[in-house]
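Quick one: sequence plus predicted model below, questions after.
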Amino acid sequence: MLLFPSASARVNELTMSGEGTIDAETAPRARPTLARRFVGAAAVLAAALVLAFLVGFGSFAGHVARLSTPVDPKPADAIIVLTGGSARIDAGVELLSAGKGGRLLISGVNPMAGLEDLRRVTGADAALFDCCVDIDHAALDTIGNAAESAKWLSRNAFDSAIVVTNNYHMPRSLMEIRRAIDGLDLQPYPVVNTNLDRGGWITKPEAVRVLFTEYTKYLASLARGAVAPAMRAVVETEHAAAGAR
């Protein structure tokens, strides 16, 4: 008869009694459960973000589709055309000819094109272009359009302007211009090349592509507007702290 149980006997005893089995069996089982919860939460979050993105896109597309060209816009101090299509420039020149603005800026013009080139393309009166039209060659994108437009508006002390661009481009254009110069009365004049009202954009693949691309740019512009002030505040705080030292 053994006075002391063998190691194997003790293991069997512990196993049968339940002792020593918690760490060996429960812990390995807990780790996969925690991982599954994390994956599940991440999947729910991703699904929520995708849903929010799609709902936002639908709202954005619906808003753009409802934009229409004003029949008789109220006069303003100035007219700004953001280039990207000949119809935009034609619309701006027509507004100027109709006396809806005192001066016209065509922003984002190809460096190879001059004032006379644009006049010939639009067929406008030479005297009108000579007296009342300015062109900007510096802007390369919408942010540049906004910056150059803000400089021009400030230089001429204008308080109001009609902004001419395509309907899908209008929300981001107004946001960028207002970010560049505050306190102005900006009147949108959307140019509509394709009627997208009543959900017609859904059946047009090219329209969906353009709207989707513009929507992602609009979101990026929103994000930049939210991040930039915070980053500026951090930099100013660091400079103030360095000056105090």
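Good, I have the coordinates.

these two touch, right, Tyr218 and Leu174?
No - using CB atoms under 8 Å, Tyr218 is not in contact with Leu174, being 10.7 Å away. (Each C-beta comes from the backbone N, C-alpha and C, glycine too.)

and those two? which has more neighbours close in?
Tyr218 (20 against 16; other CB atoms under 10 Å).

quick one, what contacts the nearest residue to that one once chain neighbours are set aside?
Counting by CB to CB, 6 or more residues apart in numbering, Arg172 is the residue found nearest to Tyr218 once chain neighbours are left out, at 4.8 Å. Counting by CB atoms under 8 Å, 6 or more residues apart in numbering, Arg172 touches Thr142, Glu214, Lys217, Tyr218, Ser221.

In ChimeraX, how would I select the buried members of those residues?
Command for ChimeraX that selects the buried part of the contacts of Arg172, burial taken from 16 or more other CB atoms under 10 Å:
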select :142,214,218,221
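
For Ser97, state which of the contacts of Arg172 is nearest.
For the contacts of Arg172, the closest approach to Ser97 (CB to CB) belongs to Thr142, at 26.1 Å.

show me what contacts that closest one?
Leu82, His169, Arg172, Ser173, Glu176, Lys217, Ser221.

again, 6 Å this time
Arg172, Ser173, Glu176 (CB atoms under 6 Å, 6 or more residues apart in numbering).

okay, it: pLDDT?
On pLDDT, Thr142 comes in at 95.

and Asp189, what helix or strand is that in?
Just so we're on the same page, residue 189 is Tyr rather than Asp. Using DSSP states H and E, Tyr189 falls within strand 185-191.

cool, Ile162 as well?
Per DSSP H and E: strand 160-166 holds Ile162.

Looking at the contacts of Arg172, which gets the smallest pLDDT?
At the low end of pLDDT for the contacts of Arg172 is Ser221, which has 92.

rewinding a little: filter the contacts of Arg172 down to the ones in helices?
Judged by DSSP state H, these include Thr142, Glu214, Lys217, Tyr218, Ser221 as members of helices.

distance of the fourth one from Ser59?
For Tyr218, the distance to Ser59 equals 11 Å [CB to CB, to the nearest Å].

same question, the last one
Summarising the geometry, the distance separating Ser221 from Ser59, computed by CB to CB, is 16 Å.

what does the third one give?
Per CB to CB, Lys217 is found 16 Å from Ser59.

and what of the first one?
When CB to CB is the yardstick, Thr142 and Ser59 sit 20 Å from each other.

just the angle between the helix or strand containing the residue nearest to Tyr218 and strand 160-166, please?
Using DSSP H and E, Arg172 sits in helix 170-180. Angular relation of helix 170-180 and strand 160-166 on a 0 to 180 degree scale: 140 degrees, by axes from the mean of the first three to the mean of the last three CA atoms, to 10 degrees.

Helix 170-180: which residues count as buried?
Met170, Pro171, Arg172, Ser173, Leu174, Met175, Glu176, Ile177, Arg179, Ala180.

Export these as JSON lines, with columns for pLDDT and distance to Asp134.
JSON lines is the format used below for the buried residues of helix 170-180 (pLDDT from 0 to 100; distance: CB to CB, whole Å):
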{"residue": "Met170", "pLDDT": "96", "distance to Asp134": "22"}
{"residue": "Pro171", "pLDDT": "96", "distance to Asp134": "25"}
{"residue": "Arg172", "pLDDT": "96", "distance to Asp134": "23"}
{"residue": "Ser173", "pLDDT": "96", "distance to Asp134": "18"}
{"residue": "Leu174", "pLDDT": "96", "distance to Asp134": "20"}
{"residue": "Met175", "pLDDT": "95", "distance to Asp134": "23"}
{"residue": "Glu176", "pLDDT": "96", "distance to Asp134": "19"}
{"residue": "Ile177", "pLDDT": "96", "distance to Asp134": "16"}
{"residue": "Arg179", "pLDDT": "93", "distance to Asp134": "22"}
{"residue": "Ala180", "pLDDT": "93", "distance to Asp134": "17"}
